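In: quick one, structure for this:
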Amino acid sequence: MKIVNLSLLFLVLFLGCKKTANQPKQPQEENVMEQVKKNNIAELSDIVNVSLLKKQFELQKDRSYSDEDDGAYNLAQVDLDLISDLMLYEYKKNGYKQLSESEFLKRLKNIFPIDCNCLSYGKISDRYIVYHGELMDRQKSTLEEEAGMYVSPAITKNLFFDLKNRIVLPSLPLDSFIIIHEDDSYSYNPDENNAQNRKVDYHRNNYFLNSSKASLRWLMAYDEFFVRDLVKVVGYEKDKELLEWVIEESSLHSEFGGMDLNKYLKLFYSYTCNEEDIKFHFEVMNMMASSNEEHNYSNLKLLLQLLDGPNDNSGKGIHFYEKAKVAACVLEMVRRLGEKEDAILVVGDFYETSLVKEQYDKEFRTNNFYGFEALESFWEAAKVAGKGIENVED
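Out: This next block holds a predicted model:
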């Protein structure tokens, strides 16, 4: 009898397990959107015109802002206004305090050489100053064309300095920030990339406007190309920690393989905002010279070989007077970092192998060696040493 009962027990257990196995699996977790905290959209009525917000959200949703077909929706200032208001609302909820307009501009000008008469900067009404991170075809008309002003920041690299809300932001579609649901609720977009982009915008503001070192370190980890460009493109040199990091992270070797000469050269200079001249990064130069790191000197020696050797292509697209100014900067760094005799031989070799050495000589003298007081005598000694190298090779 016990044997029969045991057999029945095993049969019941087997059938139960089989039934469970044949049942459709229940999701282990709810749909992501269902987990997201929803908020009553009416709470935004003190922040934005809710009817306008819903209208623009639907316009963007129905006609993709990136669609090239007729009738596609192009982002406009009204969308930028709404995104800025939503960002400020979220920042304030997290303890952000608005600066006065004068203090806002003062702190931004500490980093960005804002001049709306220059190619790199523009204005939209009285509310926004625009920094054009990518100058496209270098025509003011292209940069200020409304259809292109608000397209993806990945293309234009435009940053908008909002004088009303006193925050810095890119142009983004509304659904990258919030989702408006059919039940008149809203939630922040839970997509991982969009959530990360919101963090980037927050930490940029916190660094620009509050000089937060914690935000700088966060940006170094998650927004590294942008913070490198603050030094290499914008020409910002007032943050020692940032400079040390950019110098350490810079390499002649591209992450895509091969050498990236121009990328490394940008350590030493950037263009003025109207692109009529270049300016030296003196703080970068001083920091590299004082560190006396061997790999910096090795990079500079290799840079000279690539800069103007027989196979040089680095001068394409720039004027020779600009190239000569950059070359003088590199020569000065070699002079500062190298042992005297070795540095003279390195520069002597550069002189002898250059196809345009007479042009360099003329540009250096015309511009009084660009204010590098010790460079002239160093250059003359290198020319003599270079002829010695040539005679040895002969």
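In: list the buried residues for stretch 199-214?
Out: Asp201, Tyr202, His203, Arg204, Asn205, Asn206, Tyr207, Phe208, Leu209 (16 or more other C-beta atoms under 10 Å). For glycine as for every other residue, the C-beta is placed from the backbone atoms N, C-alpha and C.
In: the third one: what's it in contact with?
Out: Just to be clear, that refers to His203. For His203, the contact set (C-beta atoms under 8 Å, 6 or more residues apart in numbering) comprises Ser212, Ser215, Trp218, Leu219, Tyr222, Asp223.
In: pretty sure Leu209 sits against Lys106.
Out: No. Judged on C-beta atoms under 8 Å, Leu209 makes no contact with Lys106 at a distance of 10.1 Å.
In: on that earlier part again, I'd like to know which of the contacts of His203 is nearest to Leu337.
Out: Leu219 (28.8 Å; C-beta to C-beta).
In: next, count neighbours for the closest one.
Out: Residues lying near Leu219 (other C-beta atoms under 10 Å) number 21.
In: wouldn't it be in contact with Val227 here?
Out: Yes. The pair Leu219 / Val227 is scored as a contact, 4.9 Å apart, by C-beta under 8 Å.
In: now the strands for the stretch 201-350 of the chain?
Out: Remark: strands assigned in the stretch 201-350 of the chain by DSSP state E, counting those that start in this stretch are 269-271, 278-280.
In: among the ones you listed, which is the most enclosed?
Out: strand 269-271 (a mean of 19; mean count of other C-beta atoms under 10 Å).
In: just checking: what are the partner strands of that one?
Out: Strand 269-271 has its sheet partners listed here by DSSP bridges as strand 278-280 (antiparallel).
In: how distant is the strand it pairs with from the center of its chain?
Out: 19 Å (C-alpha atoms, centre = their mean, to the nearest Å).
In: part of a helix, is Lys164?
Out: No. Using DSSP: H, G, I helix; E, B strand; the rest coil, the assignment for Lys164 is coil, not a helix.
In: what's the local residue count around Ser125?
Out: Ser125, neighbours per other C-beta under 10 Å, totals 8.
In: and it, what does it touch?
Out: Gln77.
In: so what's it scoring on pLDDT?
Out: Note on Ser125: pLDDT of 92.
In: as TSV, the buried residues of stretch 199-214 with pLDDT and distance to Lys140 would be great.
Out: Below are those laid out as TSV (pLDDT from 0 to 100; distance: C-beta to C-beta, whole Å):
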residue	pLDDT	distance to Lys140
Asp201	96	27
Tyr202	95	32
His203	95	31
Arg204	96	26
Asn205	96	28
Asn206	94	32
Tyr207	96	29
Phe208	96	25
Leu209	95	28
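In: from the residues you listed, pick the one nearest Leu243.
Out: Tyr207 (14.4 Å).
In: isn't that closest one up against Ser215?
Out: Yes. With contact defined as C-beta under 8 Å, Tyr207 reaches Ser215; the gap is 4.3 Å.
In: and the one helix or strand Gln60 maps to, C-alpha only, in CSV?
Out: Taking DSSP states H and E as the criterion, Gln60 maps to helix 50-62. C-alpha atoms of helix 50-62 as CSV (Å, rounded to 0.1, in the frame of the first residue of the first chain):
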residue,chain,number,x,y,z
VAL,A,50,1.5,72.7,-20.9
SER,A,51,-0.7,73.0,-24.0
LEU,A,52,2.3,74.1,-26.0
LEU,A,53,4.4,71.4,-24.6
LYS,A,54,1.9,68.7,-25.6
LYS,A,55,1.5,70.2,-29.0
GLN,A,56,5.2,70.3,-29.7
PHE,A,57,5.6,66.8,-28.4
GLU,A,58,3.0,65.5,-30.8
LEU,A,59,4.4,67.4,-33.7
GLN,A,60,7.8,65.9,-33.1
LYS,A,61,6.4,62.4,-32.6
ASP,A,62,4.2,62.5,-35.7
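In: which strands and helices sit next to it?
Out: helix 77-93, strand 178-180 (3 or more C-beta pairs under 8 Å, 6 or more residues apart in numbering; DSSP states H and E).
In: ok, which of these comes nearest Glu249?
Out: helix 77-93 (28.9 Å).
In: what angle do the closest one and helix 50-62 make?
Out: Put simply, helix 77-93 runs at 120 degrees to helix 50-62, going by axes from the mean of the first three to the mean of the last three C-alpha atoms, to 10 degrees.
In: and helix 77-93, which residues are buried?
Out: Under 16+ other C-beta under 10 Å, the buried positions of helix 77-93 are 77, 79-91.
In: and the next element down the chain from it?
Out: With DSSP H and E, the next secondary element past helix 77-93 is helix 101-109.
In: so for that following helix, mean pLDDT?
Out: On average, helix 101-109 scores 96.
In: now swap in stretch 145-160 and tell me
Out: In the prediction, stretch 145-160 has an average pLDDT of 88.
In: endpoints of that stretch, how far apart?
Out: The first residue of stretch 145-160 is 15 Å away from its last residue (C-alpha to C-alpha, to the nearest Å).
In: so, low pLDDT: which residues of the stretch 1-150 of the chain?
Out: Where the stretch 1-150 of the chain drops to pLDDT under 70, the residues are 1-36, 62-71.
In: let's see it at 50
Out: Low-confidence segments of the stretch 1-150 of the chain (pLDDT under 50): 1-15, 17-34, 65-67.
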